[in-house]
Each structure stands twice: as C-alpha cells, then as structure tokens.
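>>> Need coordinates for the following:
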Amino acid sequence: MNPPTRIPWSLELHTLARRHGERTAVQAEDGRLCYAGLNRRAHGLAARLLREGVTPGACVGIYLPNGVDAVWADYGVTLSGACLVHLNAAYTREEVEWGLRLAPMRVILTDRAGMALLQGLPARLLCCEDIDPIDDPQVLPAVPADAWGRIIFSSGTTGKPKGLVYDHGRRWLAAVLLRAMLPWVPQPGSRILLMTPYVHGASMLARAWLDNGGCVELRRGVDPAQAGALLRAGSLEALFAPPTVLAKLAAALGEQSFPGLRCLFTGTQTLTPGLYARARALFGPCVRVTYGKSENVNPITVLDPADTDAAYAEAPGDTAPGACLGWPAPGVELRIGQGDEILLRSQHMYIGYVDAEGFHPPEADGWHRTGDLGRIDARGRLWLLGRMADVIKSGGYKIYPDEIEAALAGTPGCGPICVAALPSDYWGEVIVAVAEQADPAQDWAAQARERVAGLARYKHPRAYVTLDELPRNPQGKISRRAVREAVMARWGLVDGAYPELVRRGVE
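Modelled structure (predicted):
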C-alpha cells in the first residue's frame, strides 16, 4: 500500500469534527476538549504557523506536558505541513539545545513554564495560551507526502540521541496500518487511558482512537491511585501500559481485579512471565504485545491477547529463551541476520536519521538493522532475545541479560532489577544484579539467588547491589549503561577468580 502523493490532514480533521462535534475527544487534568474544539484549536495554530512563514517540511517543535494543549498542538503543526518535532516535556534545556542542533526549529510551541526555561534559544517561542482558535476554520490544502513530517528522537541509550525522520506520507501510512491492526474498531465514546509522555506510542494510539471517534483519557504521568479509580468506574475499554508502567500498577493495585478492560496494550520492553502473570490476575487475558522501533513505529509485529496468553502458558522447556512478539504486520518483512540480529523492512519506516554530521538515508537495500537480537520460530513468530549492545561476554560465554532479568522479575523485597556488566581482566565481564529501592528488612539478594538457580552457573550474577533509583531515559526505560556507570561510581571491583564489589571509600 502506497500513500497518496498529497495528504489531506486538514480535510480528515474537518470530517471528524463534523461527525462528532461536541463529543469529548480528550479528557485531561487541564480540561476537556471536544472534536469541534480540537478542529478550531488545531486550525488556529496551523494558521498562525503559516503566517509565521512556516513551509512544508520546516521543523516546528512542541515542548508541552501531557494535556489538551499537547493534542491540538500535535494536530495543528501537522495540518500546517510542517515537520513535527516532539520534545519530551522531561527534557532539560541542554537536551532541547541538542534537539535544535539536529533539527533547527524555526518555532517551538510551549506553555508559560516552558517559555521561562527556553528563553534565549535560537528559535521563536510561541506560548500555547496565546494561540487563538478559529471559529469557522476552512479546509487547508493537502500536504506533500514527501515533505518531512515528523522527527522522533532515539532514546540515547547507546550514545547521543539521533533524530529519526518520517515524511508525511509515511506518517499517514503508519496511522492507517495502526488503525487496521487494532483488536477492534473503537466506537464513539470508547475510552483509552494514556499516561506515558505524548511523544511516541501515546500520541499514535491517541490518533488511532480519535480517528474512530473515541475518547482519550490523557494523564500527566503514572498515578496508580488515579488509574485505579478510572478502572473501578468501569468506563475504560483500553489502557496503554509499557512494562515499566504495568509494574507500577501491579504493585499499587495488589489483589484487585478489573475484568471490564477489553485490551491492555504493551510494548517497548520485554514483558517478563512474572509481570504477565500479575497483569493477567489484574485484568484477565487481555494483554496485547507489539514490537515497535523509533525507526519503524508500530505495527511491526503483533501478538493479540489470545496468542499472548498461549505464548506465556508454554512450559519453559518448550521454547528457547526470549520474549514472543508475535507475527509481522501486513507489509512488514523480517529476517534474522548475522549474529542473530533482527532486520526489518517496511513501507512505513523512517526515511533516514539526523546526527551531528547531518542527514543519513537508510541502507540502499531498505533493510534496517535494529540492533536487537532475535529468532523466528517454526510458526513464524518473532522472539526477542535482547540488544546486541547489551550482550555480556563472561568467561567465554555469550549471555543475554534479559534472560537473567526475566528470572529475577518479581523478587520480593525490592523494585525492578537490572542486570549490568562490569569490565574484568579475569572474566572479560562480571555480571551484577542491581535492585531498586530494596527493603532492608528483607534479604532480597538471597531470594534473587534462588530465582537464578535454574539458569546455567555462568549466567549467575557475581554480586547483588542496590540503588535508590535505577537511572531511566526520558521515555522511562531503564538505561543499562547508566546503571553500570552508577555502580562503578559507588563500588570498586576486586577482580579475580572470585570477584566481589567493595564500596568506594571503605577499607
């Protein structure tokens, strides 16, 4: 399927507004936005950007927290034909400056707090409170499909973030495919709860819901009490909860049950068997796993709820290690390359990336080398083994930290556990298990040792340590590299046949 040569973004939003009018499109902590209001606000911003001289493909940034402003701003930049640059509201000034270096933004739309933080940057700042809606907006011309349409910044877990570029045609095609792969067609009034930053998955799921007349419950961060209240009210049909969010909900909601949820969308990280069991106890067998990359947004592979339940019910000996991610979505090609690396190709993947040296198109053959390790089983399902950059080489063995973390998931007496590797002359690398917020009254390390007893001896961590908080990137993912650096800053390795960690400054 190819996108049209021009994308009628404005006409599509007009159609939604005429059809759904005063129905609630977005319910957030800062207010309510109906479909007619979304149309008026988005076209008001588009008109302002056009008066500012913004042309198709020119970069326009949005620096806003989750809320109604983030939604109409997203639409407004898109309607104008500009290239939407979503700046995570958690970014520091220095991170925004890096984004400006990669994607020179003529305009950045923000709020009062953002205005104070970003003053002096080489971009014109517009305050969302100063953008007037248009009472009777007219349909704007369709946008060239080959104009730059969006830049997503990579997580930066392996170095400085890169700007991943999509044109308007591929943005449109990705949206069509995501809608087509939903487990059901949301009806007017169907509600989905989104709590992650309105940057990657949250914004795309929001558009998929709004394109069908649904309602988006958008929250500024993960508040388990707030989520629990919405779930108990029984008005939610769907919830987007990556594993980090799901773990927080499972810990806070305890033994409660919410059988009314039709689908729990998850992805971005491996869903461990232990966490899946807790999610199933809370919500029933409604968990849907997808695989997405910043370079090729969802859908890449899909594992619908029934298939997810069947995959996690398989006995450990039935399959090799890894997390099942499901079957490729229509139009997606997958293969396993050298060193078990996952390669993918599709019509809705990015058109290239920008780094400090400029723009780089994809490989000539169209295959994206993901840096993820995986396998494809006899049924055609993709299984994720881990990241190439994360593979640990200890004592001559190649070890996947995700496998160890899966065994350690849910260890009592602590929060999430990250497996990191420290450089060792004797072993090559030494495996360390790092727990977040361990309870001093419980011996979490002893229970963790019991949990890895079923793994080969060479996969056992050599040390078990605790941090008050595991470092995370702006997308909320635990940064293995930052965890390793935090451990090395606090402990020194006594190398040898029986390595151990010693607190720095302690004899």
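
>>> hey, where'd the helices end up in this protein?
Applying DSSP state H to the chain gives helices spanning 9-20, 35-51, 68-80, 93-102, 112-118, 168-180, 201-210, 224-233, 243-253, 273-283, 305-313, 401-408, 444-451, 480-490.

>>> Output those helices in a markdown table, with mean pLDDT and mean neighbour count appended to each entry.
All C-beta spots, glycine's among them, are computed from the backbone N, C-alpha and C. Converted to a markdown table, those look like this (pLDDT from 0 to 100; neighbours: other Cβ atoms under 10 Å):
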| stretch | mean pLDDT | mean neighbour count |
| --- | --- | --- |
| helix 9-20 | 98 | 19 |
| helix 35-51 | 98 | 21 |
| helix 68-80 | 98 | 26 |
| helix 93-102 | 93 | 17 |
| helix 112-118 | 94 | 15 |
| helix 168-180 | 94 | 21 |
| helix 201-210 | 93 | 22 |
| helix 224-233 | 93 | 15 |
| helix 243-253 | 85 | 20 |
| helix 273-283 | 90 | 20 |
| helix 305-313 | 94 | 17 |
| helix 401-408 | 86 | 23 |
| helix 444-451 | 92 | 17 |
| helix 480-490 | 91 | 17 |
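
>>> Asp425: which of those is closest?
Nearest to Asp425, of all the helices of the chain, is helix 480-490, at 14.8 Å by Cβ to Cβ.

>>> That closest one versus helix 401-408: what angle between them?
When axes from the mean of the first three to the mean of the last three Cα atoms, to 10 degrees is applied, the directions of helix 480-490 and helix 401-408 differ by 80 degrees.

>>> Do a quick rundown of the strands in the stretch 301-450 of the chain.
323-328, 333-336, 341-345, 352-355, 358-360, 368-376, 382-387, 392-394, 397-399, 417-424, 428-436 (DSSP state E, counting those that start in this stretch).

>>> May I see the ones you listed arranged in TSV, with distance to Asp111 as well?
Below are the strands of the stretch 301-450 of the chain laid out as TSV (distance: least, Cβ to Cβ, whole Å):
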stretch	distance to Asp111
strand 323-328	37
strand 333-336	41
strand 341-345	37
strand 352-355	26
strand 358-360	31
strand 368-376	35
strand 382-387	35
strand 392-394	43
strand 397-399	46
strand 417-424	34
strand 428-436	31
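
>>> ranking these by mean pLDDT, which is last?
Lowest mean pLDDT within the strands of the stretch 301-450 of the chain: strand 397-399, a mean of 79.

>>> picking that back up, among the helices of the chain, which is nearest Pro423?
Nearest to Pro423 among the helices of the chain is helix 480-490 (8.7 Å), distances taken as Cβ to Cβ.

>>> From the contact counts, what lies against that closest one?
When contacts are defined as 3 or more Cβ pairs under 8 Å, 6 or more residues apart in numbering; DSSP states H and E, helix 480-490 packs onto strand 417-424, strand 428-436, strand 463-467.

>>> Format those strands as TSV; extra columns: distance to Gln347 and mean neighbour count.
TSV is the format used below for those (distance: least, Cβ to Cβ, whole Å; neighbours: other Cβ atoms under 10 Å):
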stretch	distance to Gln347	mean neighbour count
strand 417-424	36	22
strand 428-436	40	21
strand 463-467	43	19
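
>>> Format these as CSV; extra columns: distance to Leu164.
Shown next, in CSV, are those (distance: least, Cβ to Cβ, whole Å):
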stretch, distance to Leu164
strand 417-424, 25
strand 428-436, 29
strand 463-467, 30
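
>>> So for Ala241, which of the ones you listed sits nearest?
Nearest to Ala241 among those is strand 428-436 (18.4 Å), distances taken as Cβ to Cβ.

>>> and that closest one, what other elements does it pack with?
strand 392-394, helix 401-408, strand 417-424, helix 444-451, strand 463-467, helix 480-490.

>>> closest to Pro65 out of those?
helix 480-490 (23.4 Å).

>>> Taking strand 428-436 as reference, get the angle to that closest one.
Our comparison of helix 480-490 with strand 428-436, counting by the same axes, to 10 degrees, yields an angle of 90 degrees.

>>> Identify the residues contacting helix 480-490?
157-158, 390, 401, 418-422, 432, 434, 465, 467, 470-471, 473, 501, 503-504 (Cβ atoms under 8 Å, 6 or more residues apart in numbering).

>>> rerun at 10 Å
With contact meaning Cβ atoms under 10 Å, 6 or more residues apart in numbering, helix 480-490 is reached by 156-159, 387, 389-390, 401, 405, 418-423, 429, 432, 434, 436, 463, 465-473, 479, 493, 501, 503-505.

>>> Then stretch 435-454?
The contact list for stretch 435-454 (Cβ under 10 Å, 6+ apart) reads 274, 316, 403-404, 406-419, 431, 433, 459-461, 463-471, 478, 483.

>>> hmm, try it at 6 Å
Contacts to stretch 435-454, defined as Cβ atoms under 6 Å, 6 or more residues apart in numbering, come from residues 407-408, 411-417, 433, 460, 464, 466, 470.

>>> before we move on, the earlier item: of all the helices and strands packed on helix 480-490, which lies closest to Tyr397?
With respect to Tyr397, and counting by Cβ to Cβ, the nearest of those is strand 428-436 at 9.0 Å.

>>> Direction included, what does that closest one pair up with?
strand 417-424 (antiparallel), strand 463-467 (parallel) (DSSP bridges).

>>> Could you tell me how far that strand lies from the centre of the chain?
25 Å (Cα atoms, centre = their mean, to the nearest Å).

>>> just the angle between that strand and helix 444-451, please?
For strand 428-436 against helix 444-451, the angle by the same axes, to 10 degrees is 120 degrees.

>>> Can I get strand 428-436 in CSV, CA atoms only?
Below are the C-alpha coordinates for strand 428-436, written out as CSV (Å, rounded to 0.1, in the frame of the first residue of the first chain):
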residue,chain,number,x,y,z
GLY,A,428,36.0,-10.3,30.4
GLU,A,429,32.9,-9.0,32.1
VAL,A,430,31.3,-9.7,35.5
ILE,A,431,27.6,-9.9,35.9
VAL,A,432,25.9,-7.7,38.6
ALA,A,433,22.3,-7.6,39.6
VAL,A,434,21.2,-4.1,40.6
ALA,A,435,17.9,-3.7,42.5
GLU,A,436,15.8,-0.5,43.0
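
>>> Ala329 is nearest to which of the helices and strands packed on strand 428-436?
Counting by Cβ to Cβ, Ala329 lies closest to helix 401-408 out of the helices and strands packed on strand 428-436; the figure is 22.9 Å.

>>> hang on, Val166 packs against Tyr350?
Rather than Val, residue 166 is Tyr. Yes: here Tyr166 reaches Tyr350: they are 5.4 Å apart, a contact under Cβ atoms under 6 Å.

>>> ok so, going back, and of the strands of the stretch 301-450 of the chain, who's closest to Leu177?
Nearest to Leu177, of all these, is strand 323-328, at 11.4 Å by Cβ to Cβ.

>>> Kindly reformat the helices of the chain as TSV containing distance to Ile131.
Below are these laid out as TSV (distance: least, Cβ to Cβ, whole Å):
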stretch	distance to Ile131
helix 9-20	16
helix 35-51	5
helix 68-80	8
helix 93-102	20
helix 112-118	13
helix 168-180	22
helix 201-210	19
helix 224-233	28
helix 243-253	31
helix 273-283	39
helix 305-313	41
helix 401-408	44
helix 444-451	51
helix 480-490	37
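
>>> For stretch 108-117, which outside residues touch it?
By Cβ under 6 Å, 6+ apart, the list of residues contacting stretch 108-117 from outside reads Gly61, Ile62, Tyr63, Leu64, Ala73, Arg93, Ala123, Leu125, Leu126, Cys127, Cys128.

>>> residue contacts, the third one?
What it means is Tyr63. Under the criterion of Cβ under 6 Å, 6+ apart, the contact list for Tyr63 reads Leu87, Ile108, Thr110, Gly114.
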